[in-house]
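Asker: Give me coordinates for this.
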Amino acid sequence: METLRGYGSVGPSDVNDDMILEMPRPNLLPSYTGGASSDYWLVNWLQYDVNGSARKVTTTYHNTMDNWYLEIPEEWIGEITIGRDDSVTGERAVVFYFWNGAEEEPTPFLAVYQLSGVNRGIRASQGDRFVLSEDDSTIYAASFLDSKRDCGLEEMDVLARFHRILSGWAGE
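Answerer: Numbers count the residues shown, from 1 in each chain. Alright, predicted model coming up:
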């Protein structure tokens, strides 16, 4: 028998829109010993059959603070770590890195930004950023970072994998 433990504010959800509830199973990502300690998790989403057997539906990174999640490609699992940069006022960035081992600095390849404030539109179009989603007060944008390794996604793939966390079943 399997026991599932909760992960912060990530609870059961229908992450693949098939009208069947999936259960989250968090997995801690590794952290680089030469940098700041991280506490970032990927979430495997499990669907159970009538016999209690689980099958994995997808894996996500959930950013409950900024109300979004990203579906993680299978090729990234075991190969990435995540960090956060809050150094710019009105801009929070979650950076995805290729994991190079505990003793070697990870390689950044993708950043997802939550932008707020009066100049959010300008910041959303800086450099190679592209808009993922926006509302009256927030713009979510992303950019590929200088990396010698291809992450396997293009702009349209990131757009398709990016989702806002909704507060209710019907998006209320």
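Asker: contacting residues for the residue nearest to T59 when sequence neighbours are not counted?
Answerer: Among residues not flanking T59 along the chain, I72 sits closest, at 4.5 Å (Cβ to Cβ, 6 or more residues apart in numbering). For every residue, glycine as well, the C-beta is placed using N, CA and C. Contact partners of I72, counting by Cβ atoms under 8 Å, 6 or more residues apart in numbering, are 42, 58-61, 80, 161.
Asker: Could you export the residues you listed to a markdown table, including columns for neighbour count and distance to G52?
Answerer: Listed next are those as a markdown table, based on neighbours: other Cβ atoms under 10 Å; distance: Cβ to Cβ, whole Å:
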| residue | neighbour count | distance to G52 |
| --- | --- | --- |
| L42 | 21 | 23 |
| T58 | 17 | 20 |
| T59 | 19 | 21 |
| T60 | 21 | 23 |
| Y61 | 21 | 27 |
| I80 | 23 | 31 |
| R161 | 17 | 29 |
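Asker: can you pull out the helices in the chain?
Answerer: Taking DSSP state H to define them, one finds helices in the chain at 120-124, 155-161.
Asker: pLDDT of the first one, averaged?
Answerer: In this case it means helix 120-124. Throughout helix 120-124, pLDDT has a mean value of 94.
Asker: ok now it, how far from the chain's centre?
Answerer: Taking Cα atoms, centre = their mean, to the nearest Å, one finds helix 120-124 lying 21 Å from the centre of the chain it belongs to.
Asker: which helices and strands does it pack with?
Answerer: Judged by 3 or more Cβ pairs under 8 Å, 6 or more residues apart in numbering; DSSP states H and E, helix 120-124 is in contact with strand 107-116, strand 138-144.
Asker: Any idea how many residues pack against F162?
Answerer: By other Cβ atoms under 10 Å, 16 other residues sit near F162.
Asker: So what pairs up with it in the strands?
Answerer: L70 (DSSP bridges).
Asker: pretty sure it contacts F130?
Answerer: No: taking contacts as Cβ atoms under 8 Å, F162 lies outside contact range of F130: 10.4 Å.
Asker: anything in contact with each of the two?
Answerer: Counting by Cβ under 8 Å, 6+ apart, the contacts common to F162 and F130 are A142.
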